[in-house]
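Peer 1: Here's my sequence, what's the structure:
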Amino acid sequence: MEQYLYAAKEDPQFQDEALITDNRIWQSLWILLAGDRYWEVSSMQETPFVVVPADDPSVVLNRLETPEFQEVLEYLKKWKQDGILEADMLALSDNEGERGLELMLAERKPCETNVPIWSVSASYIQSLATAHPEWTYGFFLYLSANQNFYRNETAVGSALYVSSRTKYPETAVRLLEKIHTDQRYYDLFLYGVDGIHYHNIDGAVSYQGISPANKYGMTVANDSLLGRRYLEADDRWEEVREQIDVWREEVAARAKRNPLDDYEFAAGGLERELHRLETARLQDFQPLVCGYYDGPKDLEDAVRQLEEAGLVNYMEEIERQLTVYYGSRENDDRSMQ
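Peer 2: Numbers count the residues shown, from 1 in each chain. Prediction:
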């Protein structure tokens, strides 16, 4: 990955351009450098300060105190000095995917480092293949560097919720029921009008000949039973997708059950700590992961600020909840035997 970035930087076309323009790059580096040695308590977005070691998931660790996180910061420091990172990454939002696509279309950017494959297929490839039919594509799945893989056996990750603040919750439930039980309505909701927003070709969705401006965006109502197969806008990208699908099937066959499968962090009673930790994240953590890192003292200062904001109480509560969670899992397992 780094060799690609520096090779691109040597090209006169990109010498004066930033190659990484998304401040979530630290998360990608963490996945690569930490590998399968840790599990996320919830997600890097929701609980960025903590992880649990895979060999002892009852212990909660401060992510900032792991050697892998310091290695992440060293990469970001180097990339900032060498002009790989956006110079003012702190001013960016937490999702710069659309801007990355715009820069690629303008031939100011050769790659994107923080875009998931479903976004590439849904939005990037059609636009890029239309504007630059001569281009070829590749995709590096960060998780493929791991040795061990874990699967979730619950449907929590794909559950839909109606907020308690919704004024008309019954109507919201009826809408969701309609979307997920009526194929025609689902197609209209997800893909739009056949012939205007997409083409229905033998039951598959194609965007060939459809203007990118007409295409519907992705929604949270995707359904694995009603969803249609996509025909890729570029045959070369189809080959990439097929290779990744084969890899996924192989991984799924040997994946182990995730010990934190259905655990959800309950933050009740930690409102004061959460408020202060969010302030510390913006003031002390975010600059580090945007390349503003000179050495270990900066990291030590950030850890101290987080601890003063209530990180210790926060970690102790997560550890307490995990103890209860593991105990209930053991009881459930015994009752099933």
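
Peer 1: any weak-confidence spans in the protein?
Peer 2: Applying pLDDT under 70 to the chain picks out residues 93-97, 153-159, 217-220, 331-337.

Peer 1: Now for residue 127: which residues touch it?
Peer 2: Taking Cβ atoms under 8 Å, 6 or more residues apart in numbering, we find residue 127 in contact with 101, 105, 212. Bear in mind the C-beta positions are built from the backbone N, C-alpha and C, glycine included.

Peer 1: Wait, a helix at it?
Peer 2: Yes: the assignment for residue 127 (DSSP: H, G, I helix; E, B strand; the rest coil) places it in a helix.

Peer 1: What spatial separation is found between it and residue 277?
Peer 2: Going from residue 127 to residue 277 by Cβ to Cβ, to the nearest Å gives 38 Å.

Peer 1: Could you do residue 9 as well?
Peer 2: In terms of Cβ to Cβ, residue 9 sits 36 Å off from residue 277.

Peer 1: check contacts around residue 173.
Peer 2: By Cβ under 8 Å, 6+ apart, residue 173 lies in contact with residue 162.

Peer 1: Wait, a strand at residue 162?
Peer 2: No: with three-state DSSP as the criterion, residue 162 is located in coil rather than a strand.

Peer 1: The nearest residue to it once chain neighbours are set aside and residue 75, how far apart?
Peer 2: Leaving aside its chain neighbours, residue 162 sits nearest to residue 172 (4.7 Å; criterion: Cβ to Cβ, 6 or more residues apart in numbering). Noted for residue 172: a distance of 44 Å to residue 75, by Cβ to Cβ.

Peer 1: The two: who's more crowded?
Peer 2: residue 75 (20 against 15; other Cβ atoms under 10 Å).

Peer 1: for that one, helix, strand, or coil?
Peer 2: What three-state DSSP gives for residue 75 is helix.

Peer 1: How about the one 4 residues further on?
Peer 2: At residue 79 the chain is in helix, as set by three-state DSSP.

Peer 1: Name the residues linked to the closest residue to it other than its chain neighbours by a beta bridge.
Peer 2: Once flanking residues are discounted, residue 79 sits nearest to residue 85: 4.9 Å by Cβ to Cβ, 6+ apart. Using DSSP bridges, the bridge partners assigned to residue 85 are residue 20.

Peer 1: For residue 85, grab the count of nearby residues.
Peer 2: 24.

Peer 1: repeat for residue 256
Peer 2: Neighbour tally, residue 256, other Cβ under 10 Å: 9.

Peer 1: May I have the beta-bridge partners of it?
Peer 2: Applying DSSP bridges, one finds that residue 256 bridges with residue 150.

Peer 1: you'd agree it is up against residue 149?
Peer 2: Yes: using Cβ atoms under 8 Å, residue 256 makes contact with residue 149 at a distance of 7.3 Å.

Peer 1: Tell me where the stretch 201-337 of the chain has helices.
Peer 2: Using DSSP state H, counting those that start in this stretch, the helices found in the stretch 201-337 of the chain span residues 235-254, 271-280, 286-289, 296-308, 311-336.

Peer 1: Of residue 9 and residue 277, give the one with the bigger neighbour count.
Peer 2: residue 277 (21 against 18).

Peer 1: ok now do that one, which residues does it touch?
Peer 2: Contacts of residue 277 by Cβ under 8 Å, 6+ apart are 49, 306, 309-311, 314.

Peer 1: any idea how far it is from residue 290?
Peer 2: 18 Å.

Peer 1: ditto for residue 274
Peer 2: From residue 274 to residue 290 the distance is 22 Å (Cβ to Cβ).

Peer 1: Which one's more surrounded, those two?
Peer 2: Set side by side, residue 274 and residue 290 show more neighbours around residue 290, with 20 against 14, by other Cβ under 10 Å.

Peer 1: how about the residue nearest the centre of the chain, phi and psi?
Peer 2: Nearest to the mean C-alpha position of the chain, counting by Cα atoms, centre = their mean, stands residue 116 at 6.8 Å. As for residue 116, its main-chain torsions (degrees, to the nearest 10) stand at phi -70, psi 160.

Peer 1: which one of the contacts of residue 277 sits closest to residue 197?
Peer 2: residue 49 (41.9 Å; Cβ to Cβ).

Peer 1: Tell me how many other residues crowd the closest one.
Peer 2: Neighbour tally, residue 49, other Cβ under 10 Å: 24.
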